[in-house]
Each structure stands twice: as C-alpha cells, then as structure tokens.
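Asks: Provide a 3D model corresponding to the input given below.
(one chain, ligands or ions: 1)
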Amino acid sequence: MIQPGAKSLRKIAVIGRGTAGSLAAANVARLHSDEDHELHHIYDSRIPVIGVGEGSWPSLVQELHKLTRLSHEVVQRRLNGTRKYGIAYEGWGHRKQDFIHYFTPQQVSYAYHLSADYLVDLLHESTRAQHIDAKVLSITRVEDGARVKFEGREAEHYDLVFDARGFPRELQPEQHIDVPYIPTNTAIIRRCPAIIKAERDGPVVRPTYTRAVARPHGWVFVIPLTVHTSYGYIFNRDVSSQAEVEADFDALLAADGVEEFEQRAVISFPNFVHRQIYDGAVARIGNAAGFFEPLEATAIVIAQLQVGMVLQMRLSRPVEYRENDAPVVNRYLINYMLCSGLFVGWHYCCGSRYDSEFWRYARDHAWPQYRAAADPEAVDCDALRKFDEMIGVINQMVIDQEDWMRTCAVFPLSSYAQIAQGLGCYPGMTNGH
Ligand SMILES: Cc1cc2nc3c(=O)[nH]c(=O)nc-3n(C[C@H](O)[C@H](O)[C@H](O)COP(=O)(O)OP(=O)(O)OC[C@H]3O[C@@H](n4cnc5c(N)ncnc54)[C@H](O)[C@@H]3O)c2cc1C
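Replies: Presented below is the predicted three-dimensional model:
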C-alpha cells in the first residue's frame, strides 16, 4: 500500500501498556510500511493497568488475527476465550423480562470473552518496539510534532504520540464532556470458578453470552472464560453504600450456586469524553480519551477505531493535510463516542424489575438529562441528532428497507430494535414515560 504520510512518521511514541496502548503499538508495528521507523512503547511499571475488559465486539476477532498472524483458534485459546454472541439482559425495562442483544447478523457474528492480561501479552509478542519504563511528566504539542518530558530521563521529540495513560485524575469542564445521563460510577470485581471448561483439542465453540443482571443497586456482568467466571457489580457510590452492594452481590452469587470467589478490585470510573482527542500530533486513546460504564463493552472497540483512524489518516495522507484533517478527525471521534454513550444511557430509560432508589435515580433523574448534556451547543457535534434519528426510525410503524442498514457509532439499527423491544420501549415511550 502506498503511504504518502509514512515519511513524516519516523518516530512514534505510545504511552501506556493497557489494552489501548498495546493495541496502538501493535497497529503501528503492523501498518507502518517503512521498516526504519522508530517506535517507543513507554509505560510506568509502578502505575498498574485497569486489567478488566473481558467483553469485546466482533471486529476484535478479525483484528487480532491480522495483528498477530495467528489463527483464530490459537488466538482464542491464548486468551482463555469463549465466543460471545451477545449480551443476555435479565430483568431490565418495563417488561421485566429476559432478552438477548445479539451481534448482527444474529447467531453468526461473534466476539471474544477474553482475559485482559493475556490480550496485552499476545499483542506485545507481535510488536517490534523499544520498551521504556519511565514516568511521563508532560506531552506538549510543538510545531512539527510533540515533546515528551520524562522523570529521570532526557525529553524526546516525536512525530506522533498515542497517549494511553488511562483515566484523567479529575474531570474539568473545559477539557472533558461530562456524561451525567449514565447513572453508575463504581465497579466491584469478583473472580469465580469457571462454568465453561476449556476443550482439550481446540477452542470452545459453544455460544456464550455476557449476562447483564439487573439488581437493586445497579447491575452485574457475568463473563464466562475458560479459566474463571468474572462477576462485576456496577453501581453508584453516591446512591448505595459499598456494604449494601457487597451484601446483594453475596445474595446473587448464592442464588447462582457460586460457593467461592476472589475479591479482585473496587474501581471508580468517570463517564466522559475528552474534547481534544486528536490534534494532529497527539492522539488520546482508550480511557484517556473517554469512558462509559461497561454495559455494552464498548471500550476496546472504540480504542480500535481511535487507533485505526488516526494511523490511517497520518499514513495515507501527505503531511501537508495534517492541520486541516485534525479537527475533522477529532470531531468525528467525539461524535462517535457520544453516540455510543447515548445508546448505553438509554438502557436505563424504562427502569427495571426493581423499584429501588438506584433505579428511580437512573430512570427519573440521570437519563432525563441526556438532551441538555448532549446539546450540540454544549458538545460541538451532532451526536444527539443521530441518536434521535435512530429512535425515530425504530418508532415508525413500518421501517423502510433503505433504513435497515443504518448505524450510529458501533450500533446498527438492529441493536436499537432489540433493546427497544427487550425493554418494552415502544413508539412514543422512548424516554421511559
Ligand atoms: C469495571 C470495568 C469493566 C470493563 N469492562 C470492559 C469490557 O467488558 N469490555 C471493554 O472493551 N472494556 C471494558 N472496560 C474498559 C477497559 O478496561 C479499557 O478498555 C481498558 O481499561 C483500557 O484502558 P487503557 O489502556 O486506556 O488504560 P489503563 O489500563 O489504565 O492503562 C494505563 C497505562 O498507562 C500507564 N501510565 C499511566 N500514567 C503514566 C505516566 N505518567 N507515565 C507513563 N505511563 C503511564 C500505566 O502504567 C498503564 O500501563 C472496563 C472498564 C471497567 C472500569
């Protein structure tokens, strides 16, 4: 492939060794046609990665095959993976009934449930890079690239920097778009015995689903891997105390017949999008660029898009276009993330089988803020219009064939239709009222 931009990408830095940084480094190593480029993969080994993120989207299956050049079977086994065909919702919405949100085409397309640590290891094996264990103090945009300052090491100049340093320390309105219509902010992670056993001679092919179980204080994900089953209780620490949530978590595990577990982590998370994801020389990716709670497992698939788009633009376009391209790419990525966030928040619009303080807060207080929070004046993009259009299409009495293939961010119209029907959110009730 001809890459007119390759000459202007002689020296690239990826900062962060979590899922996002590891995907970026592997992509640079794989896509850059010029063998002589320099890739520095920088991380501070004293700062741990998040390490959860065991649900994915189907595009990761293809991407890992391409990046590692390993067969799908080998990749799946190396990840202790199972094949995820969708998400099984339990007790959500008006109907209070169970339903599945399948990937499209239904029962054909699958993703992985995977061990996040092994994903990072797998990506590193296929990435040729210089590894630097150092703390980054600052990344500054300069005329022809970016300057990175380190603790105890000379500063360096790079043509492109991927900043994958994880969540910002605090949200600041001038830098971050807050997403208050998603009502959760904390996760408790427990590791339980495997319910799916590894096959001796090949990958596990039987279909599996992430369970998303509505509970009085939020919801619980259940992700089946071949080495353990991962449980995560997602809740709002301003509405429920950790002790209350732990007690209800115990009750769910008892009901599931789980006799032992290992408490892994309590993680606070913000729901937000950075206003400056890409400026031409610095690309924020992964949790540094934005995050939404894990209900639809969108983090890895969004990181894939961020990395792919920035790299393709820089490699395939002459460097003279960089300054004009940057704001267009930035707005596209913000828009894409906000569309995803609106879809995730919408799951709460009809409440659940529980008439608890959390669910009243989620349905009556958090979700109704979505129009003001995503107003184009406030976010400088038209994600709200795109979301409204999707809701408009599924609300029609008859959906035109030309609309069947519509998508809004990663979600096709079929995802909107499955969630609307599953929640019992029929025409005229998409706000839950
Ligand atoms: C509860 C929960 C469940 C999740 N479930 C899913 C899921 O099912 N599917 C999914 O796709 N995603 C999921 N995610 C998101 C997933 O965890 C993220 O995709 C993943 O954490 C990406 O993180 P990251 O690589 O951006 O940052 P991190 O994992 O936080 O890594 C940050 C890296 O930056 C380095 N670093 C930080 N500061 C510096 C510095 N100053 N100098 C040098 N290095 C530095 C650290 O050493 C580390 O290597 C979940 C997240 C949470 C919180």
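Asks: which SS class is Y85?
Replies: Three-state assignment for Y85 (DSSP: H, G, I helix; E, B strand; the rest coil): strand.
Asks: wait, I234
Replies: Going by three-state DSSP: I234 is strand.
Asks: how about the helices in the protein?
Replies: In the chain, the helices defined using DSSP state H lie at 19-31, 59-68, 72-78, 116-125, 242-255, 299-316, 322-346, 357-360, 370-373, 376-379, 383-394, 413-423.
Asks: and the second one with helix 116-125, angle?
Replies: Relative orientation of helix 59-68 versus helix 116-125 (axes from the mean of the first three to the mean of the last three C-alpha atoms, to 10 degrees): 30 degrees.
Asks: got the residues of the stretch 151-300 of the chain near the ligand?
Replies: With C-beta under 6 Å from any ligand atom as the criterion, the stretch 151-300 of the chain comes near the ligand at residues 164-166, 187, 232, 267, 269, 286-288, 294, 297, 299-300. Where you see a C-beta, it was placed from the backbone N, CA and C, and this is true even at glycine.
Asks: swap in 5 Å and give it another go.
Replies: Contact residues (C-beta under 5 Å from any ligand atom) of the stretch 151-300 of the chain with the ligand: A164, R165, G166, A187, I267, F269, G286, N287, P294, A297, A299, I300.
Asks: surely the second one and I15 touch.
Replies: Yes: because the distance of 5.7 Å satisfies C-beta atoms under 8 Å, R165 is recorded as touching I15.
Asks: who touches both of these two?
Replies: Residues within reach of R165 and of I15 at once, by C-beta atoms under 8 Å, 6 or more residues apart in numbering, are V136.
Asks: quickly compare the helices of the chain and say which is most buried.
Replies: helix 19-31 (a mean of 26; mean count of other C-beta atoms under 10 Å).
Asks: please list all residues in contact with the residue of the stretch 101-250 of the chain found nearest the ligand.
Replies: Closest approach between the stretch 101-250 of the chain and the ligand, counting by C-beta to the nearest ligand atom: G166, at 2.8 Å. Counting by C-beta under 8 Å, 6+ apart, G166 touches G16, G18, I47, V49, I50, G286, N287, A288.
Asks: now Y416
Replies: By C-beta under 8 Å, 6+ apart, the contact set of Y416 is F343, M390, I391, V393, I394, C408.
Asks: what about 10 Å?
Replies: Residues in contact with Y416 (C-beta atoms under 10 Å, 6 or more residues apart in numbering) are 343, 346, 387, 390-391, 393-395, 406-408, 425, 430.
Asks: over to K149?
Replies: K135, V136, L137, S138, I139, T140, A155, E156.
Asks: sorry, back to before: sitting in strands, which of the contacts of G166 do you find?
Replies: Using DSSP state E, the subset of those located in strands is empty.
Asks: okay then, goodbye and thanks.
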